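*Asks:* Need coordinates for the below:
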Amino acid sequence: MTGTRSESAPSPAMTEPAVSQAPLAVPVVPASLNSSAPAAAGADRGPANPTRDITFDTIKFTMDKKEAFKREMITPQIEALAGQSVRIRGYILPSFKQHGLTQFILVRDNLECCFGPGAALYDCVVVEMEPGKATEFSVRPVAVEGNFSIQILPGATDDRPLAIYHLYGTSVK
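*Replies:* Residues are numbered from 1 along each chain as shown. Reported below is the predicted structural model:
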C-alpha cells in the first residue's frame, strides 16, 4: 500500500487538528531498526530487532478518566517499547481523506469507543507513514508496523494531551 506522499488542507471539522494541520515530528530510526543497514560479520541472518506484536492492552496503564495525565503513569514495560519495531492491530479513525493517507489515528475499536474528550489516552496511536509510503482508509481492522515512540501531543490543556503514542509506520496490512 505504497504511494506518493501528499498533504491535504486541514478541515476545521476534523477531530485531530494537530495531526491534520502540521506534520508531526518524525523520530530518527536507529540504524539497528533500519533494514538496509548492513549486518555485522558472522551475525545471524534473522533481523537484529524483529518486529514485536503488541495490542492496545500492551500499552494500557492505570489512569482515572478525570485524572490529569502525568508521564510517570506510563509503566516501565511501555517505556521499554520506545524505539522498538512493533506491529499493532486496530482501526483507522475516519477522516475526510480516504486515499493516500500518510498520517492517521489508529484506534482500538471501530467507532464504538470514543476519541477526543473522555477517551482513554492509551486507546489511540498517531501513525505517520515513512516518506513514500501511504495507505487507504478501511472499515476493517488493519495491522500497522513501525517504530513505536512516546510523543505527547498537547491538547487544549496541559493535563489532557490529545495523544501520547506515535508510530513511524513502515507498512499497513
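
*Asks:* in this structure, which segments are predicted with low confidence?
*Replies:* Scanning the chain for pLDDT under 70 picks out the ranges 1-49, 111-119, 158-159.

*Asks:* helices or strands up against the top strand by length along it?
*Replies:* Using DSSP state E, we find that the single longest strand of the chain is strand 142-153. Contacts defined by 3 or more CB pairs under 8 Å, 6 or more residues apart in numbering; DSSP states H and E place strand 142-153 against strand 85-92, strand 124-129, strand 163-172. For every residue, glycine as well, the C-beta is placed using N, CA and C.

*Asks:* any idea of the angle it forms with strand 163-172?
*Replies:* If you take axes from the mean of the first three to the mean of the last three CA atoms, to 10 degrees, strand 142-153 sits at 150 degrees to strand 163-172.

*Asks:* got the CA positions of stretch 52-60 in PDB?
*Replies:* This file holds the C-alpha atoms of stretch 52-60, laid out as PDB (Å, rounded to 0.1, in the frame of the first residue of the first chain):
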ATOM      1  CA  ARG A  52       7.100  -7.400  18.200                       C
ATOM      2  CA  ASP A  53       3.400  -7.900  18.100                       C
ATOM      3  CA  ILE A  54       1.600  -5.700  20.700                       C
ATOM      4  CA  THR A  55      -2.000  -4.900  21.400                       C
ATOM      5  CA  PHE A  56      -3.700  -1.900  22.800                       C
ATOM      6  CA  ASP A  57      -3.800  -3.800  26.100                       C
ATOM      7  CA  THR A  58       0.100  -3.900  26.000                       C
ATOM      8  CA  ILE A  59       0.200   0.000  26.100                       C
ATOM      9  CA  LYS A  60      -2.600   0.400  28.700                       C
END
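
*Asks:* Distance check, residue 107 against residue 80.
*Replies:* Here residue 107 is placed at a distance of 23 Å from residue 80 (CB to CB, to the nearest Å).

*Asks:* rewinding a little: the longest strand of the chain pairs with which strands, and in what direction?
*Replies:* Its sheet considered, strand 142-153 pairs with strand 85-92 (antiparallel), strand 163-172 (antiparallel) by DSSP bridges.

*Asks:* List the beta-bridge partners for residue 143.
*Replies:* Going by DSSP bridges, residue 143 forms beta bridges with residue 89.

*Asks:* Contact partners for it?
*Replies:* Applying CB atoms under 8 Å, 6 or more residues apart in numbering, we find residue 143 in contact with 87, 88, 89, 172, 173.
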